[in-house]
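[1] quick one, structure for this:
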Amino acid sequence: MRLLHITDPHLHADPAARMRGVCTDDTLRAVLDHAMKGASPPDAILATGDLVQDETRAGYERFRDLLRPLGLPVFCIPGNHDAPALMAEVLDEAPFQVGGTARLGAWRLVCLDSYAAHDDGGRLSPGELDRLRACLAGSPAAPTLVALHHHPVPMGSRWLDGVALRSPAELLGIVTAAPQVRAVVWGHVHQASDRWRGGLRLLSTPSTCAQFRPHCDDFALDDLPPGYRWLDLGDDGRLRTEVAWVSP
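    Numbers count the residues shown, from 1 in each chain. Take a look at the predicted model:
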């Protein structure tokens, strides 16, 4: 299974609207066009939050209308800039799925909702953590990918780590104790990273719009273009991944 991971498109009601100088509608279109025209197109799409910047129905409808013609399953997770109830209402039918779990070939995908009202940081409710435990207990042999919006480990930027996942220790304890969890992937940080915690791979994916400069105490934009990540999920449980950048 080949999974296309996109994140943080930050669409607006106005398709010409810009965020930090970038027309986010144009950059999402460019990313999707780039990914779908590749030699090996995806089997499904994972979208990890901040789908819309201004919490508008029109923003979610355009996200829906851009991705639905691709004819692929689209697994969505809310981010801190989203309106989760509105998002679920607009993306309420196939090929879209908001949250939950899915089978991707031999793999299991677990989507966690880290949205926290009135907080740019994230939280996992006791119910979400219990759902993760139950899913792992029910499929101990299935290689598993866990996805959420907020970063559960520090990124090395003071301002960005101030809006990370709150109290991440419980999540990390669950996934590191479950050998079938091969990787945790997230958005939110508008930058690419790839590291290991024991046998667990930890991955962040760049935004389809603007990127944040890594390792900065204060907010700063990077000069990197829009990006996305490929996740190739092997039947043998192996994960191959790479980030792709899209020229403006």
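[2] use CA for all of it now, contacts and neighbours both
    OK.
[3] just the strands in this protein please.
    2-6, 18-19, 22-23, 44-47, 74-76, 96-98, 100-104, 107-111, 144-148, 181-186, 193-197, 200-204, 227-233, 239-245 (DSSP state E).
[4] which residues touch the last one?
    To tie it back to what came earlier, the one meant is strand 239-245. 182, 192, 205, 225-234 (Cα atoms under 8 Å, 6 or more residues apart in numbering).
[5] quick one on the thing from earlier: please identify which of the strands of the chain is closest to H12.
    strand 18-19 (8.3 Å; Cα to Cα).
[6] list the pairing partners of the closest one within its sheet, with orientation.
    strand 22-23 (antiparallel) (DSSP bridges).
[7] list of residues touching the partner strand?
    15-17, 209-210.
[8] try 7 Å
    Outside strand 22-23, the residues that touch it by Cα atoms under 7 Å, 6 or more residues apart in numbering are 16-17, 209-210.
[9] so which of these is the most crowded?
    C209 (31 neighbours; other Cα atoms under 10 Å).
[10] quick check: closest non-adjacent residue to it.
    Nearest residue to C209, sequence neighbours excluded (Cα to Cα, 6 or more residues apart in numbering): P226, at 4.9 Å.
[11] ok, that neighbour - contacts?
    Contacts here follow Cα under 7 Å, 6+ apart; on that basis P226 touches 27, 207-210, 245-246.
[12] so how far does stretch 181-201 reach from one end to the other?
    9 Å (Cα to Cα, to the nearest Å).
[13] before we move on, back to that, what would the contacts of strand 239-245 look like in CSV with pLDDT and distance to C23?
    Below are these laid out as CSV (pLDDT from 0 to 100; distance: Cα to Cα, whole Å):
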residue, pLDDT, distance to C23
R182, 98, 35
A192, 98, 21
T205, 98, 19
P225, 97, 12
P226, 98, 11
G227, 98, 14
Y228, 98, 17
R229, 98, 20
W230, 98, 23
L231, 98, 26
D232, 98, 29
L233, 98, 32
G234, 97, 35
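[14] all helices of the protein, in order?
    24-36, 57-67, 84-90, 126-138, 158-161, 169-176 (DSSP state H).
[15] could you dump these to JSON lines with mean neighbour count and distance to L46?
    What follows is the helices of the chain, written out as JSON lines (neighbours: other Cα atoms under 10 Å; distance: least, Cα to Cα, whole Å):
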{"stretch": "helix 24-36", "mean neighbour count": "19", "distance to L46": "12"}
{"stretch": "helix 57-67", "mean neighbour count": "18", "distance to L46": "11"}
{"stretch": "helix 84-90", "mean neighbour count": "16", "distance to L46": "15"}
{"stretch": "helix 126-138", "mean neighbour count": "14", "distance to L46": "18"}
{"stretch": "helix 158-161", "mean neighbour count": "18", "distance to L46": "23"}
{"stretch": "helix 169-176", "mean neighbour count": "15", "distance to L46": "19"}
